[in-house]
Each structure stands twice: as C-alpha cells, then as structure tokens.
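In: sequence and predicted structure, then a few things I'm wondering about:
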Amino acid sequence: MTGGRGRNDPSGYLLVAFFTVPFLLFTVAPLLFGVYIAFTEWGIIGAPRWVGLANFREALADPWVANAFRNVVRYALIIVPGVTVLAFLFALYVHQRWPLSTLARTLFFTPNVVSATVIGLVWVWILDTQFGVLNHYLGLLGIPRIPWLTSPDWSLTGVALASIWWDLGLAFVLFLAALQDVPEDLYDAAAIDGASRLRQLWHVTLPQLRPVISMVVTLQLIATMRIFSQVYVMTNGAPVGSSASPVHYIYQVSIVQYRLGYAAAISVLLFLLIVLVTILQRLLLRERVRG
Amino acid sequence: MTTTRWRWSRRQTLGAAAGFAAANAVPWYLSGRAVHAQSPTEIVHWSWLAASDGEVWARMIDAFNAAHQGKGLQIKMELVPEEQFMTKVQAAVVTGKAPDFGWGTAGMRAKQAKDGVIVPLDEVAVQVGLDLADFDEFALQQSRYPQYGNGLFMVPMDLMSLQPLVNTDHLQEAGLDPDAFPEDGAAVLDWAQKTTKRDGDTVTRSGILMTGSGVHPTVTWGIVAAQMGFQRASPDLKTAAVNPEAGLAAMQFVLDLFDKHKVATRDVTDRYKAFGTGQGTIFWTGPWTLNGYMQQNLPFRAYLFPKFGEKRVTYFEQGGLELYQQQDKGRYEATMQAVKWLSDNSFLWTTEGRGASPRKSILSRPDYKTAGPPWDKRGAFVDGMAFATEGEIPVQAGPDFTIYSGGNFLAKTLEGVWAGMTKPEEAMARIQEQWQKGLDAG
C-alpha cells in the first residue's frame, strides 16, 4: 500500500500478516523442517541424528519406493486422460443444453463435494468381485467377473476408476466456464466458412480451451501424484503393493513405523518428481507466442 | 473505469487489531482458566477402540465418571485411530502434553518402554493398592519387557484369542450338526468342503472365509505355522525363524485353501463384512466382533480353533492400559487410581466387551458365564485361552513380527506368496533375515 508521498503504510503489513504469518508458520516452516529431517534419522523421541544422504540412498534402493513411484505413473496414465476427456465431454454436453443437461450439471459435479473416504467406501461395494454392481452388469454382457480390488493386475485400475469419478467435478466446472467464454462470433465465422460442427470443435473450441486444458492437466497431475485417501480406504495398497502410491507408503513409513527421516526423504523425492513433471507438462502444453 | 479506494487510517487498523486480540484473549482467560481452576482432576484417556467393543468401553468410562461425581476425579476419553495411535502418543509426550493413559497391546511396546514413553507401574500399583496377586500370572508376564528393567508396563484388561465363528444356517443347509463341530483340522476341512458354494471353478461362498491379502492369510499362516512347530523367535530371543520348514508347510497350507481344496477365495475384499453378509461359513476372528454380529442377528456360534498341525495353538492378544510419561509426576497416582477402578470393575468389559478376564476374582464369579453374549458365542473365547499362546515378540521390532497385521513387514512379504509372485522359500529367506536383524537390535 503506497501513500501519496510514496511512503509505505505499516498497517498494510499488518493486514498481509493475517495470511503471511500462518503461511510461514504452518506451511513454509514445516516444509523446510521436512527437508532438514530428510537428512536425519528421527523417530519423534529424541533429537534428530544427522545421517547425510543415507535416507536418499536407501529410498533409491528400496523396491517398495520404486514400486510406489511406478504405480503413480500408472495412476497418472489412467486418471489424467480419463478426467480430462470425460470432464470435457460432460461440459460439452451441458454447454450444448442437450436433454436433462440441468440435472446432469448437478450430477457431474456432486461427487466432488463428497469426501474421499465416502467415495472409497461406496466404490468398494460397487467394485466387489463377488457381489459388486459393476460386475453384475458386466456379467449381463457376458463379461466374466473382474477382481477389481483383489488382484494385483486390477487393483490399481479399480482405485483409478473411483478417482476419476471423484475428481471429475472440478475439471468439469472449469471446462464449462471456459466453454461459455468462447466468443460466439468465432463459431459464426467458422460456419460461414462452411466448417462442420466437428471441425468447429477441433479448430475453434479446442484451441480456445488450450489454457484450461493445460490447467486441468496440471492440477490433475499434481492431485494424482498425491493420491492417498482412495488407496488407503479401498485397498490399503494391497495386494502386494500393486495399488500403493508414494504418499501411502510415506504414511506407512512415518505414521505407522515412526521413521520420519526416511519418510521425509521419500517426500522430497516425490516433490522433485512433481516439479519435474509440472515443468515438462507446461513446456509441452504452453501456448506458442506468435510474433 | 474508476474505483473507490477504501482508506483505513493507521489508528483504525491498530484499534481493530487490538479489539480482535482482546475479543479472542479475554474469554480464554475468564472462562478457560477460571473454570479449570474449579474443575476436578481430569485424567485424559486415549482409546483406539472403534468397533462394537468401543461402545462397551465408553460405558465403562461413563460408569467411572458417574461413580466419581463430586469426588474430584473424572476421565476424559478421546478416540485416536489405532494405526496413528503410538505416533500421536509419542508426539504428545515430546511436547509435554501426553494423555495420562491409553490402550495398548502387550508385547508391542518394547521401543516405547526403552524410550520412556510408557512408564513402569510396579510402584504406583502398590501405592494405590492394585491387587496384582489376583491377576493371571501369564498376563502379568506378558506385560513386562525383560530387556528393559522387566517392569510392569501395562495393567492387563482382557485376554483375547482367535477362534472360529461359524454360520449355523450354512451348517444346517449342508446337513451338518452345529453341536458336533470338529476340533481336528482334517475334519474341519471336510466341513468346509461341504459348505463351500462354487460356480464352476469359482468359489462364490467360502467354506473357510479368507481374504487374498492383508491380515487374514497372515494370521492363518502364523497360527498354523506355530501348530506345525515353527517359532518366530527362540525363547531366548536370539534366533529368528526356528524350524523354517514348518513355516513353509504352513504357507502351502494357506495356498491349498485357495487353490487345492478351493474352500476359500482371494476375491473377498472385507472379511468382517463378508462374514456378516453370509459370504463365508467358518471365519476365525477375535471376540471384538461378537457384539456387532449379534446386533445384526447373524446366526452363528463360536468354537475352539481346530488343530491343523502337531499341537493346538491359536493367536494370543492381550489388551491393557498403559500410562504415559508426564511432566507432572504427581498425576501417575491419580491415573492409577482410575486404572485400578476400571480393572476392579472390568466384569462388564470382559463379559459384554471383549475377551476373557485376566482377574481370577472375576473369572470365578458364578455369573461370569451367564452375563454378556450367550456362552455358545462367547465361551470359546474364554475356554480357548488355554491354548492361545502365539502372542507378540517383545523386542523393539515387535511390529515386524506380529502375525495379526495387514501391512507390516511380515504381511507384505507373505502377500507375494499368496498372489503367486514370490516363492515361499524366497519369502522365508527374507523373513529370516529381517527378523534376525530385529532380534539382534534388542
């Protein structure tokens, strides 16, 4: 806040402090402390003992860490395209005001306001191998029962399905808002040029949505990298760690085994992976600036 | 576009800040401290009991508070998830705000005994007049950690075992007599065959209810392995995985339930829910499930765990109350008074709650067998304590050794075997190596 004479008004700092102080205390300080304890051995009781890079060396050699990071890539390959494509299609459906679009708008967004625990518990029932609704309907189509949550081959897919359903709402709203912002005259011009509806979608709608697509993909990638609640509730990482995620493993190591230093080291590795993926994704999807 | 700029003078800002601070601080001083000064001693108790047994425990606490109304001592109970329990206790101890007492499992707290998180109770038990001679000797022995001063670190509250619950409707449907449930393993497998339902090769209702991963196959392996002569640790706690051949045979036993006898399926997701909805006939579980199944009117009875190996053994678990380190050492006596009362009055807990009583005076009461759930549902969990000996290994790495876990080192290692991804010999080699490290660390 600048006064008429170019002098800072101290009351501005006070107002900013209402956000800044809690942010520094409860976000930045724990984050820095987390990075520090990644270089220590610490089990809550007693002082942290400096071990240098030992935790990172152990993490890089730990097959369960490698497994969890492999899984999160697989989760991302299913959930991110799943959420992005479905949310876009649902937004298009509502935007076009096709039949029942008002009801659909509510239905598409509703899962997003339900807690992950509830979603997880509901989907455990839906995906039950023996008595689940999904297998029942697949059976009517002649498809044999799929062990969605009990087989190492399927458990990750089962959890990913629930995640797509849960995550869809936010992306749907973002796409819908973006669709409503596309100028009508662009469609008019395209129509005058003889473009079909499909060509209008490809050459007008999608380019206009590029920034939103980029944002949805980024947000979804970060959310998927941090996947935990669904895994914890639906499979607890089983069987054989086939559905475990890095955050789930971090939880196991820190909260259950009290190895906070080692857990912090894995967290730092996850943080670096998220930064790397975000940068790569931004580079790939960034808008080209024309001269 | 013009905007109206809202200006706030420095005096207004500082005044508002002072008002905000005062509004928050004054009630805290006036109400919080003043009330606290007049209130009785409040003993903070953390519990992780969240199943149907939790309701009975809440009644125990209510009964204590009612009995001590106006006597200057009250218990405030808080629920903490079991998996996070000890992490939160340790964090609370470090910050000097630990709960006074909480629930523990005997044999699983060696590290906390070493670190001083839980405190030895021998002296304070004598101070408050807790009659240790009235306790089962085995229960007291399980509450000590020989390598850490051999102090008494827990007041035993209940003795638990794993015994089979059996769906009696399924038995009658298969023409089997519920009064003649066999105790021999081979005969139990035969009964399981008769009650299993299949669709082609797929089991649609399990004769022996199992899950494909997690706690159930692990604990089944642990019990059967012990019956076959496997020891997780030698009695002197020096050698890990004694008689590994028996451990391997037990792995094969579990695999055979799925693949050879086909009386179980890996498709079951939630074992408790599955038994409650009739997806299985024979289900070995603990006494903490009885109230829940009775409330849903499930037709079942409990029997003694069958003998699949050379000797009859089942899983043993002892629940009890432990005291946590306090800055104000004067709180120990008041807390122990509360624990003594809860132990002396644990008839309700060990009849309607869970498990068998570790108190001789309670076990010998004439109404012990008639209180709580009917004896055909509860009796096996009292009588079965005679051979429930497969308990915890009292070392710091105890959680790695427990057979009742779905996510510890043992369960994770065995999951590969159940899924056909790890050879039993390979798993046993890993178990031996890790457990030996655990024993060597003390």
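Out: Done, it's in.
In: okay, the closest residue to residue B:373 other than its chain neighbours: pLDDT?
Out: The spatial neighbour of residue B:373 that comes closest, neighbours along the chain excluded (C-beta to C-beta, 6 or more residues apart in numbering or on different chains), is residue B:290 at 5.1 Å. Placement of C-beta: from N, CA and C, glycine included. You'll see residue B:290 listed with a pLDDT of 92.
In: what does residue B:13 give?
Out: 47.
In: picking that back up, what about the residue nearest to residue B:373, how many neighbours?
Out: 25 (other C-beta atoms under 10 Å in any protein chain shown).
In: quick one: contacts of the helix or strand containing it?
Out: Residue B:290 belongs to helix B:290-295 when assigned by DSSP states H and E. With C-beta atoms under 8 Å, 6 or more residues apart in numbering or on different chains as the contact definition, helix B:290-295 has outside contacts at B:51-53, B:55-56, B:165, B:272, B:275-276, B:300, B:302, B:352, B:354, B:373, B:377-378, B:381.
In: wait, what's in contact with residue 63?
Out: The chain I'm using is chain A. No contacts exist for residue A:63 under C-beta under 8 Å, 6+ apart.
In: oops, chain B please
Out: Contacts of residue B:63 (C-beta under 8 Å, 6+ apart): B:345, B:348.
In: three-state assignment of it?
Out: helix (DSSP: H, G, I helix; E, B strand; the rest coil).
In: pLDDT weak spots in the chain?
Out: All of this is about chain A. A:1-6, A:286-291 (pLDDT under 70).
In: let me rephrase: I mean chain B.
Out: B:1-39.
In: which stretches of it form strands?
Out: Secondary structure of chain B (DSSP state E): strands at B:41-47, B:73-79, B:101-105, B:155-161, B:163-167, B:197-199, B:202-208, B:231-233, B:240-242, B:280-285, B:300-302, B:314-323, B:388-390.
In: got the phi/psi numbers for residue B:120?
Out: phi -70, psi 140 (degrees, to the nearest 10).
In: distance check, the closest residue to it other than its chain neighbours against residue B:322.
Out: Excluding its sequence neighbours, the residue lying closest to residue B:120 (C-beta to C-beta, 6+ apart) is residue B:151, at 2.9 Å. From residue B:151 across to residue B:322, the span is 11 Å (C-beta to C-beta, to the nearest Å).
In: more neighbours: the two, which one.
Out: The neighbour count for residue B:151 versus residue B:322, taken as other C-beta under 10 Å, is higher for residue B:322 (24 against 17).
In: how near is the residue nearest to residue B:120 to chain A?
Out: Using C-beta to the nearest C-beta, to the nearest Å, residue B:151 is found at 18 Å from chain A.
In: wait, that residue sits on residue B:124?
Out: No - contact criterion C-beta atoms under 8 Å: residue B:151 and residue B:124 do not qualify, at 10.8 Å.
In: do stretch B:390-403 and chain A meet at all?
Out: Yes - judged by C-beta under 8 Å from any C-beta of the partner chain, stretch B:390-403 and chain A are in contact via residue B:399.
In: end-to-end on that stretch?
Out: 9 Å (C-alpha to C-alpha, to the nearest Å).
In: residue A:161 in helix, strand or coil?
Out: helix.
In: report how many residues lie close to it.
Out: Other residues close to residue A:161 by other C-beta under 10 Å number 20.
In: and it, what does it touch?
Out: Counted by C-beta under 8 Å, 6+ apart, residue A:161 has contacts A:123, A:127, A:148.
In: hmm, back to that, now do the helix holding residue B:290: distance to the chain's middle.
Out: 17 Å (C-alpha atoms, centre = their mean, to the nearest Å).
In: please apply the same query to stretch B:162-173.
Out: That offset, for stretch B:162-173, works out to 23 Å (C-alpha atoms, centre = their mean).
In: next, the buried residues of it.
Out: Residues B:162, B:163, B:164, B:165, B:166, B:167, B:168, B:170, B:171 are the ones in stretch B:162-173 that count as buried (16 or more other C-beta atoms under 10 Å in any protein chain shown).
In: stretch B:343-360 now?
Out: Buried-residue list, stretch B:343-360, by 16+ other C-beta under 10 Å: B:343, B:346-347, B:349-359.
In: that stretch: end-to-end distance?
Out: 12 Å.
In: for the residue nearest to residue B:104 when sequence neighbours are not counted, give me its contacts.
Out: On the basis of C-beta to C-beta, 6+ apart, the spatially nearest residue to residue B:104 that is not a chain neighbour turns out to be residue B:322, at 4.2 Å. Contacts for residue B:322 (C-beta under 8 Å, 6+ apart) come out as B:101, B:102, B:103, B:104, B:109, B:118, B:153, B:154, B:155.
In: most neighbours, which of those?
Out: residue B:154 (30 neighbours).
In: wait, what's in contact with that one?
Out: B:104, B:106, B:109, B:118, B:121, B:143, B:318, B:320, B:321, B:322 are the contacts of residue B:154 under C-beta under 8 Å, 6+ apart.
In: let's see 6 Å
Out: Under the criterion of C-beta atoms under 6 Å, 6 or more residues apart in numbering or on different chains, the neighbours of residue B:154 are B:104, B:106, B:143, B:320, B:322.
In: number of nearby residues for the third one?
Out: Yep, that's residue B:143 we're talking about. When neighbours are counted by other C-beta under 10 Å, residue B:143 comes out with 24.
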